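Peer 1: Kindly generate the corresponding structure for this input.
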Amino acid sequence: MRIRTEAKIGFIVITTIAVVIWGINFLKGRNVIKRSDVYYAVYNDVAGLKLSGSVILSGYKVGMINTIEFEENRLDKIVVAFVVSNEFKIPKNSIAQIFSNDLLGSKVIRIIPSQEKEFYEYGDTLVGSIDSDMITQIKDEIRPLVKSTNDAVLGIDTLVTSINSILDPATQAKLQSALVNLESTTASLSKQLSPGGKLDKTFNSLQSFTLMLDTNKDKLSNAFANIESITDSVANANLTQTISTINATFAQSQILLQKINNGEGSLGLLTTNDSLYNNLVSASGNLSKLLDDMNQHPKRYVHFSVFGKKDK
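Peer 2: Coordinates of the predicted model:
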């Protein structure tokens, strides 16, 4: 069967129209071949949102904005319809948030999924919200800094004004004199710290002393150990008993001295009785004379003969 020329032309025209429609939608980001589900969100302000804008989920484009219209008989509510590929299911209580996708301020809808196990159906309305763009966030962060800077500048200006009002010529002269004295003191201190200065010598002596301590640290450690050993020995000694013994000895010595003073005992009699002392002196003198006479005339006291002969 032969196909008529009119049918061929009609087929070509229909195919061309379909390709053009598909191409226009493709250029707009729509895929008429792939099935999509339509969802809605209501906003007070779309903040520059445009048709054919992207719908992203976790940073991945899953759909696009289809229509933006005012809610019927209301100018404070804007209904945004967007399509999402039906292979992506949106959990209930998820949020459709308008936010800036780049620094140029282009707006997209970002799906913030919830943890619900149930999903929205075709034609359901999501909760809409608007995120502040980057420029607004930067402005919000810079605004307190600018205010603080302005306050600081005003404070400095007030301080300078106060200083100018306080520093009359007399005060300025005193301040200049104080600065001169401070400069002189600084110069003197620098001179003392220079090589050969008093402070320099003091620091050098201190450094030498520190070096000496470091060099003899072993000896010092031994000395401290010996001192510690001595103190430990003293601490471990029975000082209480020793002191008690000494006290007892002192008490007995005091009693003995008291008896001697009272003339009791031989030593007391010798100390207090003059006649006994004189007798002892006389006996000592007689004994000395006897010894001298024995040395001079030994035969008077000792008689000794080998053969039994008697001396005259």
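
Peer 1: From now on I want contacts and neighbour counts done on CA atoms only, so please keep to that.
Peer 2: Noted.

Peer 1: Number of residues surrounding A170?
Peer 2: Under the neighbour criterion other Cα atoms under 10 Å, A170 is assigned a count of 9.

Peer 1: So what's the residue count around A81?
Peer 2: Using other Cα under 10 Å, A81 is surrounded by 19 other residues.

Peer 1: OK, contacts around it?
Peer 2: Applying Cα atoms under 8 Å, 6 or more residues apart in numbering, we find A81 in contact with 38-41, 65-68.

Peer 1: which SS class is it?
Peer 2: At A81, secondary structure determined by DSSP: H, G, I helix; E, B strand; the rest coil is strand.

Peer 1: That one bridge partners, please.
Peer 2: Y40, T67 (DSSP bridges).

Peer 1: I'd like the distance from it to N286, if you could.
Peer 2: When Cα to Cα, to the nearest Å is the yardstick, A81 and N286 sit 155 Å from each other.

Peer 1: S52 contacts I65, doesn't it?
Peer 2: Yes - the pair formed by S52 and I65 meets the contact definition of Cα atoms under 8 Å, at 4.8 Å.

Peer 1: Could you check which of the two is surrounded by more residues?
Peer 2: Relative neighbour count places I65 above the other of S52 and I65, with 24 against 19, counting by other Cα under 10 Å.

Peer 1: pLDDT for the contacts of A81 - can I get that in a markdown table?
Peer 2: Supplementary listing: the contacts of A81 in a markdown table, determined by pLDDT from 0 to 100:
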| residue | pLDDT |
| --- | --- |
| V38 | 91 |
| Y39 | 93 |
| Y40 | 94 |
| A41 | 92 |
| I65 | 90 |
| N66 | 88 |
| T67 | 90 |
| I68 | 91 |
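
Peer 1: Go through those and give me the one with the most neighbours.
Peer 2: Across these, the neighbour count under other Cα under 10 Å reaches its highest value at I65, namely 24 neighbours.

Peer 1: element containing it?
Peer 2: Under the assignment given by DSSP states H and E, the secondary-structure element containing I65 is strand 60-70.

Peer 1: Let's have the contacts of A81 in TSV, adding distance to S114.
Peer 2: Putting the contacts of A81 into TSV (distance: Cα to Cα, whole Å) gives the following:
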residue	distance to S114
V38	19
Y39	16
Y40	17
A41	16
I65	21
N66	23
T67	25
I68	25
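
Peer 1: ok, so of the residues you listed, who is nearest Q97?
Peer 2: Q97 lies nearest to A41 out of those, by Cα to Cα, at 9.1 Å.

Peer 1: chain center to the helix or strand containing L182, what's the gap?
Peer 2: Secondary structure assignment for L182, by DSSP H and E: helix 169-193. Between the mean C-alpha location of helix 169-193 and the chain-wide mean there is a distance of 38 Å, by Cα atoms, centre = their mean, to the nearest Å.

Peer 1: List the neighbours of that helix that are in contact with it.
Peer 2: By Cα under 8 Å, 6+ apart, the list of residues contacting helix 169-193 reads 197-200.

Peer 1: Only whichever of those are buried, select them in PyMOL.
Peer 2: Of the contacts of helix 169-193, the buried ones can be selected in PyMOL as follows, counting by 16 or more other Cα atoms under 10 Å:
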select buried, resi 199+200
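
Peer 1: Columns distance to S184, secondary structure and pLDDT on top of the contacts of helix 169-193, output as CSV?
Peer 2: Listed next are the contacts of helix 169-193 as CSV, based on distance: Cα to Cα, whole Å; DSSP: H, G, I helix; E, B strand; the rest coil; pLDDT from 0 to 100:
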residue, distance to S184, secondary structure, pLDDT
G197, 16, coil, 73
K198, 17, helix, 74
L199, 17, helix, 71
D200, 19, helix, 72
